[in-house]
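Engineer: Sequence plus predicted model, see below.
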Amino acid sequence: MRRFSKREVAEFYRRLSASRPIPQTELEFINPFTLLVAVVLSAQATDIGVNRATPALFALADRPGEMLALGEERVAELVRTIGLFRTKARNIIALSRMLIDEHGGTVPRDREALEKLPGVGRKTANVVLNVAFGEPTIAVDTHIFRVGNRTGLAPGKTPLAVEQGLEAVTPAQYKHGAHHWLILHGRYVCKARKPDCPVCAVADLCRYGAKTAPAEMIAARAQAVTAEPLVEPKETAKKAPTPNPPRKRRRERAGA
Ligand code: SF4
């Protein structure tokens, strides 16, 4: 698979960012703590499913102390529509206790400390650092793992390898939004079963060998969305004739 050039990577992100100028998570939250809880709940679940359950939970508890007071049974009951809800409820209570005991009831802006919380892995820590604290982290979930590999932007056998690949190629100005642009692209366009290549803004850059759109359609779309062609045209167009000859030559002709 041919590697992306720097120019192609920049163009890839330029187009994704143009389609979503303000990248943001689809999870609903009130503060860093509720974001952390929502991300813990979202493991192997959809954001829509999490958003259905969390308003009732956060109305009762949007701080670690309140969550602890609510108790594991009540939390489990409130999030019972989400997969693995018993384990997640146990983790939410345990992490609330740890936040109170070790971090003064606040969510730490620190990867190591975040990853020590029950139910929090590297991906969750990256999302919290990015969304709550504005850090340029790239959390690799199933969508980003697929997009990184399928497009050839950052191929890797593990989520960590894809994350490191994305870290290495993503231009600084796109790093903060990269997680959201890639996740939304994977969720709505580069879907797992059948990617929507006919409407994909980066189809001509993507290296996937089984695109669901014909090459001519992809080339035509690329022409429409690319400010400057990434591949120089083979023949330069003929120069249009100058409507009026330059003044000097006109004088020369007049004197002739
Ligand atoms: S062209 Fe198809 S496979 Fe490639 S990124 Fe777009 S939707 Fe995904």
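Structural biologist: All right, it came through fine.

Engineer: can you pull out the strands in this structure?
Structural biologist: For the chain, applying DSSP state E gives no strands.

Engineer: Output the longest helix along it as CSV, restricted to C-alpha atoms.
Structural biologist: In the chain, taking DSSP state H as the definition, the longest helix is helix 85-103. Written as CSV, here are the backbone C-alpha positions of helix 85-103 (Å, rounded to 0.1, in the frame of the first residue of the first chain):
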residue,chain,number,x,y,z
PHE,A,85,-24.4,-2.3,32.9
ARG,A,86,-23.6,-4.2,36.2
THR,A,87,-19.8,-4.1,35.6
LYS,A,88,-20.0,-0.4,34.5
ALA,A,89,-22.1,0.6,37.5
ARG,A,90,-19.5,-1.1,39.8
ASN,A,91,-16.7,0.8,38.0
ILE,A,92,-18.5,4.1,38.2
ILE,A,93,-18.9,3.8,42.0
ALA,A,94,-15.3,2.6,42.4
LEU,A,95,-13.9,5.4,40.3
SER,A,96,-16.0,8.0,42.1
ARG,A,97,-14.6,6.7,45.4
MET,A,98,-11.0,7.0,44.0
LEU,A,99,-11.6,10.5,42.7
ILE,A,100,-12.7,11.6,46.2
ASP,A,101,-9.9,9.7,48.1
GLU,A,102,-7.0,10.6,45.8
HIS,A,103,-7.9,13.6,43.7
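
Engineer: Around the ligand, pick out the residues from the stretch 1-150 of the chain.
Structural biologist: By CB under 6 Å from any ligand atom, the residues of the stretch 1-150 of the chain that approach the ligand are Arg150. Yep, even glycine has a C-beta here, placed from its N, CA and C like the rest.

Engineer: Relative to the ligand, which residue of the stretch 1-150 of the chain is the closest?
Structural biologist: Proximity of the stretch 1-150 of the chain to the ligand (CB to the nearest ligand atom) peaks at Arg150, 5.1 Å away.

Engineer: thought that residue was touching Pro195?
Structural biologist: Yes. Under the criterion of CB atoms under 8 Å, Arg150 makes contact with Pro195 at 7.3 Å.

Engineer: neighbour count winner among those two?
Structural biologist: Neighbour count, other CB atoms under 10 Å: between Arg150 and Pro195, Pro195 has more, with 24 against 19.

Engineer: tell me the contacts of the more buried one?
Structural biologist: When contacts are counted by CB atoms under 8 Å, 6 or more residues apart in numbering, Pro195 touches Arg150, Val189, Tyr208, Lys211, Thr212.

Engineer: and with 6 Å instead?
Structural biologist: Thr212 (CB atoms under 6 Å, 6 or more residues apart in numbering).

Engineer: gap between it and Leu166?
Structural biologist: Separation of Pro195 from Leu166 (CB to CB, to the nearest Å): 19 Å.

Engineer: try Gly71
Structural biologist: 40 Å.

Engineer: more neighbours, those two?
Structural biologist: Leu166 (22 against 13).
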